[in-house]
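Visitor: Have a look at this fold, sequence not included:
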Ligand SMILES: [Zn+2]
């Protein structure tokens, strides 16, 4: 996925989440990473999203992230307190399979 498309998809995600929650949710930064081991993914930094929102949104969020993730099986939520700081779409290498971490959100 090109950088331009990522920015566009992040903007769509902002609109979708803001619409569903009825208040602004921002995705100010999107980062793509590749580790030497082969793990790769996308980190979406978010503002205005809480853990409660994640529960309320449920599959709607999984679906939205699946479109962005392009084959990534899971999204990892990084949070500080009740606030979600980032969503990481991770396609893990064989050495680092995702475990049963409760912060992982299964995607389709
Ligand atoms: Zn790895």
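Guide: Sure thing, it's come through. Fair warning: this is a prediction, and the values are worked out from it, not measured in the lab.

Visitor: Am I right that residue 89 is in contact with residue 42?
Guide: Yes - the pair residue 89 / residue 42 is scored as a contact, 4.5 Å apart, by CB atoms under 8 Å. Placement of C-beta: from N, CA and C, glycine included.

Visitor: which residues do the two both contact?
Guide: Shared contacts of residue 89 and residue 42, defined by CB atoms under 8 Å, 6 or more residues apart in numbering, comprise 68-69, 72.

Visitor: Name the member of these with the most neighbours.
Guide: residue 69 (24 neighbours; other CB atoms under 10 Å).

Visitor: how much space between the residue nearest to it when sequence neighbours are not counted and the ion?
Guide: Among residues not flanking residue 69 along the chain, residue 89 sits closest, at 4.0 Å (CB to CB, 6 or more residues apart in numbering). Taking CB to the ion, to the nearest Å as the measure, residue 89 falls 14 Å from the ion.
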